[in-house]
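# 3D, please:
(chains A and B)
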Amino acid sequence: MTRLQSAAELELLRAGILSARDAARPCIAVCTGAACNGLDSARVARAFEVEAGKMAPGAGIEVRATGCHGFCEKGPNVVVGPDDICYFEVTPDDVPEIIASALKGEVVERLVYKHPETGEKAVHMGEVPFYRHQTRLLIGDNIRIDPKRIEDYVAVGGYAALAKALFQMTPDQVVDEVKKASLRGRGGGGFPAGQKWETAKNAPGDEKYVIVNGHEGEPGAFMDRALFTGNPHKVLEGLIIGAYAIGSHRGFIYTRHDSPQLIEHIETALAQAEEYGLLGENILGSGFDFRVEVHFDVGIFVSGESSALMRSIEGQPPEPRPKYIRTSVAGIWDKPSNLNNVETWANVPQIISRGAEWYAGIGTERSKGTKLVSLSGNVVNSGVVEVPMGTPLRKIVYDMGGGIPGGKAAKAVHFGGPMGGSIPASLIDAPLDFDELAALGAPIGAGGLLVMDEDTDMVDVARYFLEFLTNESCGKCVPCREGMRQTLKVLTNITKGKGRDGDIGRLEDLNDVTGAACLCALGRTASDPLKSMLRYFKDEYELQIARGSQAAGNTAK
Amino acid sequence: MSEIVMQIDGKEVKASDGMTVLQAARVAGIHIPTVCHHDKLEPFGGCRMCMVEVEVRGRKSYVVSCLYPVAPDLVVHTRSERVDKIRRVILEELLAHAPNSPELVALAAEYGADRDRFDKDPSFCILCGLCVRYCAEVKQKNAVDFIERGAQRAISFIPEIAAKECWDCQECFAICPTSYAQAAYFLTEALAFPGRRKSAMHGA
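Numbering: from 1, shown residues only, chains lettered A, B, ... in the order given. Alright, predicted model coming up:
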């Protein structure tokens, strides 16, 4: 493999890859994402490879082990191209029949989607309700890509945006494009990415860094892993474009030490990009140099917090620092450091190739583009969905999620995990929008959507999240460490029927001070779930406390 | 260093670039309470007692004065209902660990903190980190450090280093607001080099 020396050579490579393929030939995509993998999809993939291997070369079928398709509930997922026929809950025993049908252009009826109530069947991806209502700009390519083959990414148009940025745009124009697209950070804060880039670009100093936050430690969030593991080059392309715009020659990918598949895919992607001249010295002959290192967390949640993450990359314990000076000005080794999350970077290539105007046409006035959402909890269809910003939550829960199992009613939806908030089912028509949901008390956070049915104990939900965070706080500052410790004690007592008079006041004071006085975002937002509970479900808290104090009163008598 | 003019509690205060709000306030004779601060040590920002209200371009926020840099035209309020509430609750949280620490008791009286408001957890250590940082920054011995994280965080003397370094120092005892550093050290002594104190007292 020789390093590509120009944008034209990249296009030649792409034409070569495409011409070697027969678009009409069946191609079988087996999901090996985290959930399907847990359902032994690796065995299904192997069975397909063995079966396909038995056929005469040329007459055969292409088999691709891909990243997450999204419909985790029904895994192992298999999609048969070119018409994208979806098969669910596939076992190795189904493989010969699927292959035989694919070659005859037929459908294996028993493996297609059946509506749980009406029994109506859906054969193609565009008809399955879970997929039909989505807009899969980011994750849609997953079924076309073997994450370990850069050629698959190039075949779907990969690295064209990088070539466009390098040869047709100045760094300033790239920053402007991202600003005009109003891309907002997908990691939790929703901070405008273009503005962050500009700060880092204009910060004094020659040495600057760009970083992918691939930590995703939040319980109930699994969309970054789905995207990054399934399509690592998309994230990498965004990162290289960002580096060019900001003027950085050294990038970092910070991710989890405990996701071997993700690590393998990232490292393979970096090596292949380097071999093709898309990374390293003189990228595509443009004169721009950029290298990327992979760093791993030490297994604690707070290392996903930006300043803690940067300490960790420096080799220090991941303890947050106050950010009175932005990390875009003084981050890793006090150099300007631009950190964005996996999904934010993955949005960049399409903004460059299709333009800010196109991008800004999707979504709401202040929240643009699509958003990946990890859908879980009391919902029929768990999985990763991608929808335009502004989509009503009801649509996600009912149209894609298939509603609440067992015919139960929804009680609440919770966004953002242990640092997010719950809103009652009466507000389920609220749109997926950074500002509207934040105002309601359920900020999108990274995008984990937890559905809770009528049987859910809302005191216990807050207690669960706090228990998680109490152990994950670094313990440096008092309102985080002590505030959560005391809040957890009060909540635990209430759930055990030992609530006392004054507990609501204690909870409100603790929560208020934790939210206002903590050193980093972990502590400050740790108060969010309880805040939303006390806003919408205070009655339930009061009732449980009253039960406790009554019981205490009875014993006293 | 250029001179900066700012306002603290309605008073015009002159400070120089690079100072923190806490330093500027002290120079101007304005008191801000602290627990984890020590003039010989780098600011830590752990106890959050020195929190103040600042106004920058009309926007109010709450920051720790020991770390927040001075800036021209900054408006600082060291007391307000909200600031006092933050300090009161923080004191109540700390008093759950060390209900009789004279420093905390005095501050509690000033801010109306109730030492019995929260469940007691008499660990005595309030994790201000003064001993840890003093040993690291001033003595450069690192004989005592934090262990664990979150609610499990604690200080611990490292027996191997403590056996060599602490006997002739013990300077951290006097800066500990709860006397826990001393207790932790003596436990380490009992574990790591028992008998040394006895023989030192009675002559070996």
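# Pick out the residue closest to the middle of chain B.
residue B:36 (0.8 Å; C-alpha atoms, centre = their mean).
# And it, which helix or strand is it part of?
Following DSSP states H and E, there is no helix or strand that holds residue B:36.
# right, and it touches residue B:64 too?
No. Under the criterion of C-beta atoms under 8 Å, residue B:36 makes no contact with residue B:64, lying 9.8 Å away. (Each C-beta comes from the backbone N, C-alpha and C, glycine too.)
# Give me every residue in chain B lying close to chain A.
B:45-48, B:51, B:62-64, B:67-69, B:82, B:85-86, B:89-90, B:93-94, B:96-97, B:117-119, B:121, B:126-127, B:129, B:146, B:148-153 (C-beta under 8 Å from any C-beta of the partner chain).
# starting at the chain centroid, how far to the helix ranked longest in chain B?
Within chain B, and with DSSP state H defining each element, the longest helix by residue count is helix B:81-95. The chain centroid and the centroid of helix B:81-95 are separated by 15 Å, computed with C-alpha atoms, centre = their mean, to the nearest Å.
# go on, stretch B:161-168?
24 Å.
# again, but for stretch A:506-514
Mean C-alpha position of stretch A:506-514 versus that of the full chain (C-alpha atoms, centre = their mean) differs by 31 Å.
# just stretch A:442-455 next, same as before
For stretch A:442-455, the distance between its averaged C-alpha position and the chain's averaged C-alpha position is 14 Å (C-alpha atoms, centre = their mean).
# Mind listing what's buried along it?
Judged by neighbour count (16 or more other C-beta atoms under 10 Å in any protein chain shown), stretch A:442-455 contains these buried residues: A:442, A:443, A:444, A:445, A:446, A:447, A:448, A:449, A:450, A:451, A:452, A:453.
# And the average pLDDT for that stretch is what?
Looking at stretch A:442-455 alone, the average pLDDT works out to 94.
# and the end-to-end length of that stretch?
End-to-end distance of stretch A:442-455: 20 Å, with C-alpha to C-alpha, to the nearest Å as the criterion.
# Narrow the residues of chain B next to chain A to just the buried residues.
By 16+ other C-beta under 10 Å, the residues of chain B next to chain A give B:45-48, B:51, B:62-64, B:67-69, B:82, B:85-86, B:89-90, B:93-94, B:96-97, B:117-118, B:126-127, B:129, B:146, B:149-151, B:153 as buried.
# Quick check: closest non-adjacent residue to the residue in chain A that chain B sits nearest to.
For chain A and chain B, the shortest gap (C-beta to the nearest C-beta) falls at residue A:475, measuring 3.3 Å. Once its chain neighbours are removed from consideration, residue A:475 has its nearest residue in residue B:153; the separation is 3.3 Å (C-beta to C-beta, 6 or more residues apart in numbering or on different chains).
# Now do the contacts for that neighbour.
Contact criterion C-beta atoms under 8 Å, 6 or more residues apart in numbering or on different chains gives A:474, A:475, A:476, A:481, B:127, B:146, B:147 as the residues in contact with residue B:153.
# And for residue A:529?
Shown in contact with residue A:529 (C-beta under 8 Å, 6+ apart): A:414, A:418, A:419, A:420, A:421, A:422, A:461, A:462, A:465, A:466.
# Those residues in helices, which ones?
With helices identified by DSSP H, the entries of those that belong to them are A:461, A:462, A:465, A:466.
# Now do the second one against residue A:241, distance only.
Read it as residue A:462. As judged by C-beta to C-beta, to the nearest Å, residue A:462 and residue A:241 stand 41 Å apart.
# Quick one: end-to-end distance for stretch B:6-14.
The separation between the terminal residues of stretch B:6-14, taken as C-alpha to C-alpha, is 6 Å.
# Any stretches of the stretch 251-400 of chain A with poor pLDDT?
Judged by pLDDT under 70, the stretch 251-400 of chain A has no weakly predicted residues.
# Confirm residue A:213 sits in a helix?
No. Following the definition DSSP: H, G, I helix; E, B strand; the rest coil, residue A:213 is strand and is not counted among the residues of a helix.
# Excluding sequence neighbours, find me the nearest residue to it.
Distances taken as C-beta to C-beta, 6+ apart put residue A:341 closest to residue A:213, at 4.7 Å, once the chain neighbours are dropped.
# which residues does that neighbour contact?
A:185, A:186, A:187, A:188, A:212, A:213, A:214, A:224, A:446.
# Taking the residues you listed together, which two end up most distant?
Among these, the pair separated by the greatest distance (C-beta to C-beta) is A:188 and A:212, at 14.8 Å.
# Which of the two has more residues huddled nearby?
When residue A:188 is set against residue A:212 and neighbours are counted by other C-beta atoms under 10 Å in any protein chain shown, the residue ahead is residue A:212, at 28 against 24.
# beta partners of the residue nearest to that one when sequence neighbours are not counted?
The spatially closest residue to residue A:212, leaving aside those adjacent along the chain, is residue A:253, at 4.5 Å (C-beta to C-beta, 6+ apart). Taking DSSP bridges, one finds residue A:212, residue A:294 as the beta-bridge partners of residue A:253.
# show me what contacts residue A:253?
Under the criterion of C-beta under 8 Å, 6+ apart, the neighbours of residue A:253 are A:211, A:212, A:214, A:239, A:266, A:292, A:293, A:294, A:295.
# Export the ones in helices among the contacts of residue A:529 as a markdown table, with columns for neighbour count, distance to residue A:74 and pLDDT.
Written out in a markdown table, the entries for those read as follows (neighbours: other C-beta atoms under 10 Å in any protein chain shown; distance: C-beta to C-beta, whole Å; pLDDT from 0 to 100):
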| residue | neighbour count | distance to residue A:74 | pLDDT |
| --- | --- | --- | --- |
| A:461 | 21 | 27 | 95 |
| A:462 | 27 | 32 | 95 |
| A:465 | 27 | 28 | 93 |
| A:466 | 26 | 33 | 93 |
